[in-house]
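*Asks:* Can you look at this prediction? I've put the sequence above it.
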Amino acid sequence: MYIIGGTASESIARDLSKRLKAPMVKTISKRFPDDELYVRVLDDVSNEHVAIIQTTYPDKNIIELFLLQNAVKEAGAKEITVIIPYFGYARQDTKFKDGEPISAKAIADLIGLNADRVINVDLHKEYILDFFSVPAESCSAIPELAIFLKGKNVDLVLAPDKGALNRAKTASEIIGCDFDYMEKTRIDGTTIEIKPKNLDAQNKNVAIIDDIISTGGTMAKSIKELKKYGANKVFIACTHGLFAGDAIKKLVSAGADEIIATDTIKSDFSKVKIAPALYRLLSPKPE
Ligand code: R5P
């Protein structure tokens, strides 16, 4: 296998290339004077299996992925695997109102045009895998986040809503502690309600785990509730740290003791690498 790293995911690609002992393909990526993107694959990939790694956020990285896929296809690759550390547009996964697109499907359809297999990381909803016209599978960063949290004396792992309970359960099993969930109701894109629930958080170190932190609203409300219940330290961890607007400020002023994200989207809080999880999925299994 050969590895190509798009500009959004170069460090993940290099890490994976070392772990898999799969060579990196040299590429050029630059902008024309009018800001259109130019990419070129410099190594010969004809008849090879090529894995392209690229987070599809923000929008410019989606275009780069499409161009890299096309370049590899045009160069005669035998097989193309697209690895998407963070799949943008996943939250518009249905028509919430008449006249809306199913954005996640629109992007998945285009990615499927020049791919034989797609790997996603902690998708907002697992059924998005079915939107791809080629075999698509999921890889989870939760074990990596749990390993990071293991040394922090966590007593309880919490999901900010019931839908994320399985993630909290998986993490708690690795950490060796209890798990529970908060009761969240989404009013609209920016307003949520976290209802109190009879949690035993008194004097406990609590880790709240979610797939995405965007505006930080969900986590900030959860932290405030937990503090009301007398929690000691509150760690907040997510796979995809978007940290839109003043999210970090919100989280810190709500009382977060530590903010932890993976490197699916690069930020100052990318303390956990996703490459080991991808390696486990891609490495040849013993017969
Ligand atoms: C929602 O279902 C997701 O799992 C996250 O809880 C949500 O996207 C976080 O968004 P925000 O940080 O804007 O509250």
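*Replies:* Great, that's in hand.
*Asks:* Skipping adjacent residues, who's closest to Glu258 in space?
*Replies:* Excluding its sequence neighbours, the residue lying closest to Glu258 (CB to CB, 6 or more residues apart in numbering) is Phe235, at 4.9 Å. (Each C-beta comes from the backbone N, C-alpha and C, glycine too.)
*Asks:* Shouldn't the one you found be within a strand?
*Replies:* Yes: assessed with DSSP: H, G, I helix; E, B strand; the rest coil, Phe235 lies in a strand.
*Asks:* so who does it touch?
*Replies:* 149, 152, 154, 205-208, 256-258, 260 (CB atoms under 8 Å, 6 or more residues apart in numbering).
*Asks:* want to throw those residues into a markdown table with secondary structure and pLDDT?
*Replies:* Listed next are the contacts of Phe235 as a markdown table, based on DSSP: H, G, I helix; E, B strand; the rest coil; pLDDT from 0 to 100:
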| residue | secondary structure | pLDDT |
| --- | --- | --- |
| Leu149 | helix | 98 |
| Lys152 | helix | 96 |
| Val154 | coil | 98 |
| Asn205 | coil | 97 |
| Val206 | strand | 97 |
| Ala207 | strand | 97 |
| Ile208 | strand | 97 |
| Ala256 | coil | 97 |
| Asp257 | coil | 97 |
| Glu258 | strand | 98 |
| Ile260 | strand | 98 |
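*Asks:* how much space between Phe34 and Asp155?
*Replies:* No Phe there; residue 34 is Asp. Counting by CB to CB, to the nearest Å, the gap between Asp34 and Asp155 amounts to 56 Å.
*Asks:* These two: which is more packed in?
*Replies:* Asp155 (18 against 5; other CB atoms under 10 Å).
*Asks:* what's the closest non-adjacent residue to that one?
*Replies:* According to CB to CB, 6+ apart, the nearest residue to Asp155 is Lys204 (4.1 Å).
*Asks:* ok, now how distant is that neighbour from Tyr229?
*Replies:* Distance check for Lys204 against Tyr229: by CB to CB, it reads 9 Å.
*Asks:* neighbour count winner among the two?
*Replies:* Regarding Lys204 and Tyr229, a neighbour count based on other CB under 10 Å identifies Lys204 as having more, with 21 against 16.
*Asks:* per-residue confidence at that one?
*Replies:* Model confidence at Lys204, expressed as pLDDT, equals 96.
*Asks:* How about Ile223?
*Replies:* In this prediction, Ile223 carries a pLDDT score of 95.
*Asks:* same thing with Pro196?
*Replies:* At Pro196, pLDDT is 58.
*Asks:* So the residue nearest to Asp155 is in contact with Leu158, correct?
*Replies:* No: contact status for Lys204 versus Leu158: not in contact, 9.9 Å apart, counting by CB atoms under 8 Å.
*Asks:* what's around Lys162, how many residues?
*Replies:* Burial of Lys162, expressed as a neighbour count using other CB under 10 Å, amounts to 11.
*Asks:* That one touches Tyr181, doesn't it?
*Replies:* Yes: Lys162 lies in contact with Tyr181 (CB under 8 Å); the separation is 5.2 Å.
*Asks:* Need the overlap of contacts for these two.
*Replies:* When contacts are counted by CB under 8 Å, 6+ apart, Lys162 and Tyr181 are jointly contacted by no residue.
*Asks:* so what's Phe32 up against?
*Replies:* Phe32 makes contact with Tyr38 under the criterion CB under 8 Å, 6+ apart.
*Asks:* can I see the domain layout of this protein?
*Replies:* The record's domain parsing of the chain by automatic domain parsing lists 2-139, 142-270.
*Asks:* Having no further points to raise, I will conclude here.
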